[in-house]
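Q: Output the structure for:
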Amino acid sequence: MNQQNYDKMKALKLSGMAESYETLFANPSFNEMSFDELLGLLLDHEESVRKSNKLDRLLKQAKFPEKAAIEEIIYDSDRKLNKDLLMKLSTGDYIAEGRDIIFKGISGAGKTWLATAYGVQACRQYYRVKYTRLPDLLEEFKIAKYQADGSYSKLMKKLIKVDLLILDEWLLFDLSKEEATLLLEIVNSRYLGKKSNIFCSQFEIEGWYEKLGDGTLAEAILDRIIHNSYDIFIDGGVSM
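A: Here you go, the predicted structure:
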């Protein structure tokens with residue numbers, strides 16, 4: 001093995017290629033391969049390593065609260081889940097189209113788990129994902145709003161870059177006018193940027209209006225969500 005070539009690959013951060021290069025020279029059959037075949041193997045391994053590292057990074061940045069995967073969804077009859085729709089959503093086309101998903105159901109129905117499963121699936125498709133509780137997100141923005149260092153603007157720009165935002169505990173409590181105003185700015189910014197969201201709520205959409213307080217603000221927020229969303233109710237008293 002040419003140690004100089006190996007060292008250069010490492011220096012250029014081509015760790016996958018360097019690893020494959022080292023492995024190939026430990027296998028006598030490499031002498032029978034053409035230059036293109038050898039180069040192809042090196043490039044394939046580098047690509048594989050980079051994709052694996054990117055996925056690990058995306059999963060870590062998303063900060064999911066638990067482990068979940070769409071292939072582990074249980075379709076018990078009492079849950080009344082539309083398998084065809086859920087499989088369609090697993091392709092990630094809704095993210096490419098800038099559409100949202102609303103998971104509804106009582107506490108313990110599995111909303112957070114399902115949202116996490118679709119978040120993990122989005123990471124597998126190399127989308128940037130962020131999981132957060134709505135109360136935590138609003139508190140973060142309220143604090144940033146009163147900072148003189150441009151924290152609010154930076155936070156909003158960072159949030160807009162996220163391809164899929166998972167908002168857990170959506171409207172679990174009534175919002176103040178300040179909170180509703182902040183939420184409108186968040187929802188509107190992502191709506192204009194054609195970014196997707198997943199909302200996890202214990203309440204029917206009809207009950208959201210009252211929790212958003214002010215009529216005008218409520219209408220503006222809901223207008224940017226309900227006409228662009230897949231509405232999925234999770235039942236399942238028995239399976240729970």
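
Q: Just the strands from this structure, written as ranges.
A: 100-104, 129-133, 164-168, 196-201, 229-233 (DSSP state E).

Q: if we look at stretch 88-96, which residues are touching it?
A: Stretch 88-96 has contacts (C-beta atoms under 8 Å, 6 or more residues apart in numbering) with Ile70, Asp100, Ile101, Tyr118, Gln121, Ala122, Gln125, Tyr127, Asp163, Leu164, Ser196, Tyr230. Every C-beta, even on glycine, is put in place using the N, C-alpha and C of the backbone.

Q: could you dump these to CSV with pLDDT?
A: Converted to CSV, the contacts of stretch 88-96 look like this (pLDDT from 0 to 100):
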residue, pLDDT
Ile70, 96
Asp100, 98
Ile101, 98
Tyr118, 98
Gln121, 98
Ala122, 98
Gln125, 97
Tyr127, 98
Asp163, 98
Leu164, 98
Ser196, 98
Tyr230, 97
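
Q: which of these lies closest to Asn5?
A: Proximity of the contacts of stretch 88-96 to Asn5 (C-beta to C-beta) peaks at Gln125, which lies at 34.3 Å.

Q: returning to what we had before: would you turn the contacts of stretch 88-96 into JSON lines with distance to Val187?
A: Below are the contacts of stretch 88-96 laid out as JSON lines (distance: C-beta to C-beta, whole Å):
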{"residue": "Ile70", "distance to Val187": "26"}
{"residue": "Asp100", "distance to Val187": "10"}
{"residue": "Ile101", "distance to Val187": "14"}
{"residue": "Tyr118", "distance to Val187": "19"}
{"residue": "Gln121", "distance to Val187": "23"}
{"residue": "Ala122", "distance to Val187": "19"}
{"residue": "Gln125", "distance to Val187": "23"}
{"residue": "Tyr127", "distance to Val187": "19"}
{"residue": "Asp163", "distance to Val187": "16"}
{"residue": "Leu164", "distance to Val187": "14"}
{"residue": "Ser196", "distance to Val187": "12"}
{"residue": "Tyr230", "distance to Val187": "17"}
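
Q: Just give me the closest of the residues you listed to Met87.
A: Ile70 (8.2 Å).

Q: What is the burial count for that closest one?
A: 16 (other C-beta atoms under 10 Å).

Q: got the contact list for the nearest residue to Thr181 once chain neighbours are set aside?
A: Leaving aside its chain neighbours, Thr181 sits nearest to Leu217 (6.4 Å; criterion: C-beta to C-beta, 6 or more residues apart in numbering). By C-beta under 8 Å, 6+ apart, the contact list for Leu217 reads Lys177, Ala180, Thr181, Leu184.

Q: what residues are up against Lys51?
A: Tyr126.

Q: show me where this protein has helices.
A: Assigned by DSSP state H, the helices in the chain fall at 3-11, 15-25, 35-62, 83-89, 93-96, 111-124, 134-145, 151-160, 177-192, 208-211, 215-223.
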